[in-house]
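J.: Structure for the following, please:
(chains A and B)
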Amino acid sequence: MSATAGESVEASPGGGSTPIIAMRDQYIASPLFDWVFFLGSPLLAVAFVLGVAQMMPAAQIEYYVIGYMAVGHHVPTMLRAYGDPDEFSRNRFQFLAIPLCVAPMVLALTYFDSRLLTLIFVWDQFHFIRQHYGFMRIYDVKSGASSDFDARLDQWLCYSFFAAILTHSGFYGYMYADSFYNLGISFPSWLVVGLETGSLGLAILVGILYLARLQFRLSSGLPISKLKLVLFATSLGVWYYSYVLLSDGYLSYAISSLFHCLQYDAFAWFYNRAKARSLTPTRSNAVFRLIHESRYLHLYVGAIVLYGLFSAFGKEISLVAILALNTTTGLLHYYFDSFIWRVRRAEFRKHL
Amino acid sequence: MLALCGFIGVVVAIGFLEQRVLVPFADSQDPAKEVVYWEEHVERNEATAESRLRLGLARAKAGQLDAAEESFRTALKLMPDYHAAAIGLYGVAVRKDDQDRPLAELDRYARENPDCVVCWQNLAAAYLELRRLREAETAVVALLASDFSVDSKMYSVDNMAVEAAVLAGRVYAARGDTARAIGFFRDAIIEEPGDLRAYILQAKNLLADRQPEAALAVLEAAAPRTAGNPRMQKEIERLTRRAHQVKP
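T.: Numbers count the residues shown, from 1 in each chain, chains lettered A, B, ... in the order given. Sure, this is the predicted structure:
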C-alpha cells in the first residue's frame, strides 16, 4: 500500500530511510472505533457474556446472540453484494445463480434430514478465522508492513493456532465427534490424538518462525504492525479462553460469535460508508447510499436487528421456512465473504 | 475454502484407507460399538460434560443402565445446570423401575432450574400418568410459562409449544376442567394444524362437555388430514358416530 497523507519518514536503525506510517494512520477507522469494535471487542465480548451469565441462563444468552447478532450479521453481506453496484456487476453470476442452487437444497435438507446441515459449523468456524486473518492483513497493509511472505506467514499463524485451539477444546472436540458420528463417520483415537499433537506441534513451529521473522524485521528496520499483533493476541487469547479453558458450549460460542459479529458489522459499515460516498448518485444505488450515511446509522443497525426479529417471530409461523432461510443466508454469507472483501483489490485499499 | 476441502478430503481418504476410520452408518447403530467409541472419546475429554452425556446416552441405548447413570451424574457434576443430563438421569432411573426417587430428584432440579422446559414436560407427563394431578398442574403451569424459542435447537423442527398445549389440555381434562382443556387443544391445533392428536382430544372433551356440534366440526376438520393413517380414520369415525348419539 502506498503511504498515506499522514505518513512521516524516519531514519531506520540500519541507517537507510524507511517510511514509517504514523500510528494514528494505522488504524482502520480511528483509535477509539478500532479499540472498541476490532481490537478490544474480544475482551468486551467476554466481559459482556460472562456478566450477563450472572443474570440469565447460558442457553438463553447463546440463543439471543445467535438469533440477533449471528443471524443479523448476514445483512451487511447482502447489502454489499446486492447494494453496491460495482460489487454486483463484478460477481453477477455468483450473486444470482448460487442462491438459487443453495436455497432449495437447504430447504429440502431442513425438511427431510437436517443432520448434514449441522456440519455447517465447520465452515462457521473456518469463516471466523478467515475474518481474523483478513483484519490482520488490513492492519499490515495500513502500517506499510505487508509483503507476500508475511501474508503467508500470517495465514499459517492464524490457521495453525486456531486449529490447535479447536483440537484442544473439549466442547468442540465433542461437537465434531458427535456431528460426524451422526453422519456415520467416526474417528479413531489415534487420529484424534494425532490431530491434537500435530496441530500443537505445528502451532509451536509456526509461532517460533513468526517470532524469528519479527526479530528479523525489527533488526532490519522494517515496519511491524503493532495493531495486528494486538488483534492476534486479543482474538486468539479470547478463543483460547472460551474454547479451551471455559469450554462451555453455550458461553464459548456466544463470546466467539459476539465479537466476530461486532467486528464484521462495524467493518462492513465503515467500508461501505466510504464506498457509498464515492458513488455517483443514481436510483439503483440509492438504498446502499442511504443506509450507509452516518446520520442514518440507526437504519443500518435497524436492518440487522430487524432480520433477527423477523426470524424470531417468523419461527412462530413456519419454523422450517425460517430455519431454511437463516441457514441459506448463513451459507451465502460464508461464500460471498470469501471474495467480496479482498484486501489485495485496489478498490478495497482505496476505500480504507 | 480450498484448505477446508483439502482437510476434509484428507480425513475421509484416511478413513477409506484405514477401515477403522469410516464406519458405515448401519454399523454405528450397534449399541456395543457405540459405547466403546464414546468411552474412548471420554478418555480424551474427561472434563467435558457433553461428552459424558453422549456416553451416557450410548450406554443407556446398550442397556448398561448403571454405567449410564454414572455418566449422567458426572455430566451433572461438571455442569450443574445441564438439563439434558438431568433428564438422562431421570430416564435411566425410570427404566430401572424406580419412579418416586427420580421423580423427586427431577422435581427438585426443575425448581432450581425453572428454564428447563423439557424437565417440566417430563414432570407433567409423569405426574399425569401417576394421577398426581395437583403436581401435574403445577408442572404444566411452569411449562406453559417457559420460553420455548430458547429451547428449540438450531436445526431442529420440534415444536415444543404444541407439546405443551396438548399436555396442558390432558392435565386439565384429567382434573375435570373440560373448558380449559378444550381451549388448550384448540391452541395446539392453531399452532400445528397437522397434529391429529389435538383434534381427537378436543373432540373427546367437547363430547364430554355435551357439545356434539362443535365436536363434529373438529372431526370434519381433522378428516382430510388422516390420509394414510387408518387408525386415526377409525378413531374419527368412532367419535363421529358417538357425536351423533350425544344430546346437547
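J.: use CA for all of it now, contacts and neighbours both
T.: Will do.
J.: how many other residues sit next to residue 217?
T.: I went with chain A, as the question did not name one. Neighbour count of A:R217, defined by other CA atoms under 10 Å in any protein chain shown: 14.
J.: oops, chain B please
T.: So B:A217, with other CA under 10 Å, has 13 neighbours.
J.: Please apply the same query to B:I200.
T.: Around B:I200 there are 20 residues (other CA under 10 Å).
J.: Let me know whether it touches B:L219 as I believe.
T.: Yes. Counting by CA atoms under 8 Å, B:L219 is a contact partner of B:I200 at 7.3 Å.
J.: Need the residues touching each of these two.
T.: Residues touching both B:I200 and B:L219 by CA atoms under 8 Å, 6 or more residues apart in numbering or on different chains: B:I236.
J.: who touches the residue lying closest to B:M160 once chain neighbours are set aside in this structure?
T.: With CA to CA, 6 or more residues apart in numbering or on different chains as the criterion, B:M160 has its nearest non-adjacent residue at 6.2 Å, and that residue is B:F148. B:F148 makes contact with B:V117, B:M160, B:A161, according to CA under 8 Å, 6+ apart.
J.: can you pick the most crowded of the residues you listed?
T.: Using other CA under 10 Å as the neighbour test, the contacts of B:F148 are led by B:V117, with 25 neighbours.
J.: doesn't B:S146 make contact with it?
T.: Yes. Using CA under 8 Å, B:V117 makes contact with B:S146 at a distance of 6.2 Å.
J.: thinking again about what came up before, a markdown table for the contacts of B:F148, including pLDDT and secondary structure?
T.: As requested, the contacts of B:F148 are exported to a markdown table (pLDDT from 0 to 100; DSSP: H, G, I helix; E, B strand; the rest coil):
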| residue | pLDDT | secondary structure |
| --- | --- | --- |
| B:V117 | 88 | helix |
| B:M160 | 82 | helix |
| B:A161 | 84 | helix |
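J.: gap between the residue nearest the centre of chain A and A:I120?
T.: The residue lying closest to the centre of chain A (CA atoms, centre = their mean) is A:Q131, at 3.1 Å. Separation of A:Q131 from A:I120 (CA to CA, to the nearest Å): 17 Å.
J.: For chain A, which segments are assigned as strands?
T.: Remark: strands assigned in chain A by DSSP state E are A:7-11, A:17-21.
J.: quick one: which of those has the weakest pLDDT on average?
T.: When those are ranked by mean pLDDT, strand A:7-11 comes last with a mean of 36.
J.: What's the per-residue pLDDT of the residue nearest to the centre of chain A here?
T.: With respect to pLDDT, A:Q131 has a value of 95.
J.: Number of residues surrounding A:F135?
T.: Using other CA under 10 Å, A:F135 has 23 neighbouring residues.
J.: Quick check: closest non-adjacent residue to it.
T.: In space, and not counting its chain neighbours, A:F135 is closest to A:K228: 7.7 Å by CA to CA, 6+ apart.
J.: got it, and A:Y139?
T.: For A:Y139, the spatially nearest residue (CA to CA, 6+ apart) is A:K228, at 5.4 Å.
J.: surely the one you found meets A:Y133?
T.: No. Taking contacts as CA under 8 Å, A:K228 lies outside contact range of A:Y133: 9.6 Å.
J.: more crowded one of those two?
T.: Taking other CA under 10 Å, A:K228 and A:Y133 do not tie; A:K228 has more neighbours (24 against 21).
J.: do you know how far A:G184 is from A:I138?
T.: As judged by CA to CA, A:G184 and A:I138 stand 41 Å apart.
J.: Equivalent analysis for A:I21, please.
T.: 14 Å.
J.: Can you give me the pLDDT of the residue of chain A found nearest chain B?
T.: Nearest to chain B in chain A, going by CA to the nearest CA, is A:G184, at a distance of 4.0 Å. pLDDT, A:G184: 79.
J.: Quick check: phi and psi at it.
T.: Dihedral pair for A:G184: phi 90, psi 10, per degrees, to the nearest 10.
J.: what's the spacing between it and A:R115?
T.: 10 Å.
J.: go on, B:Y172?
T.: Going from B:Y172 to A:R115 by CA to CA gives 37 Å.
J.: now the contacts of B:F148 as CSV including distance to A:H73?
T.: Shown next, in CSV, are the contacts of B:F148 (distance: CA to CA, whole Å):
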residue, distance to A:H73
B:V117, 29
B:M160, 27
B:A161, 28
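J.: Which one of those is nearest to chain A?
T.: Nearest to chain A among these is B:A161, at 9.5 Å by CA to the nearest CA.
J.: give the contact list for B:N205.
T.: Applying CA under 8 Å, 6+ apart to B:N205 gives the contacts B:A173, B:T178, B:A181, B:I182.
J.: among the residues you listed, which are in helices?
T.: B:A173, B:T178, B:A181, B:I182 (DSSP state H).
J.: and B:V141, how many neighbours?
T.: B:V141: 15 surrounding residues under other CA under 10 Å.
J.: Ignore what I typed, I meant A:V52.
T.: Quick note: A:V52 (other CA under 10 Å) scores 13 neighbours.
J.: ditto for A:R289
T.: For A:R289, using other CA under 10 Å, the count is 24.
J.: Could you do A:I138 as well?
T.: Counted with other CA under 10 Å, the neighbours of A:I138 add up to 24.
J.: For chain A, name the helix or strand with the lowest mean pLDDT.
T.: Taking mean pLDDT, DSSP states H and E as the measure, chain A has strand A:7-11 as its least confident helix or strand, at a mean of 36.
J.: and the closest residue in space to B:N45 that isn't next to it in sequence, what does it touch?
T.: Nearest non-adjacent residue to B:N45, counting by CA to CA, 6+ apart: A:G170, 5.6 Å away. Neighbouring residues of A:G170 by CA under 8 Å, 6+ apart: A:Y243, A:V244, A:S247, B:N45, B:A47, B:T48.
J.: from the residues you listed, which would you call buried?
T.: By neighbour count, with 16 or more other CA atoms under 10 Å in any protein chain shown, those hold A:Y243, A:V244, A:S247, B:N45, B:A47, B:T48 as buried.
J.: Near chain B, which residues of the stretch 51-200 of chain A are found?
T.: The stretch 51-200 of chain A comes close to chain B at residues A:57, A:59-60, A:63, A:110, A:114, A:117-118, A:123, A:126, A:170-171, A:173-174, A:181-189, as judged by CA under 8 Å from any CA of the partner chain.
J.: could you redo the last one with a cut-off of 6 Å?
T.: Neighbours of chain B within the stretch 51-200 of chain A, by CA under 6 Å from any CA of the partner chain: A:Q60, A:Y63, A:G170, A:Y174, A:G184, A:I185, A:S186, A:F187, A:P188.
J.: what's around the first one, how many residues?
T.: By the other CA under 10 Å criterion, the neighbourhood of A:Q60 contains 19 residues.
J.: Equivalent analysis for the second one, please.
T.: Using other CA under 10 Å as the criterion, A:Y63 is surrounded by 20 other residues.
J.: Likewise for the fifth one?
T.: Using other CA under 10 Å, A:G184 is surrounded by 16 other residues.
J.: and if you look at the one 10 residues further on?
T.: A:G194 has 12 neighbours, counted by other CA under 10 Å.
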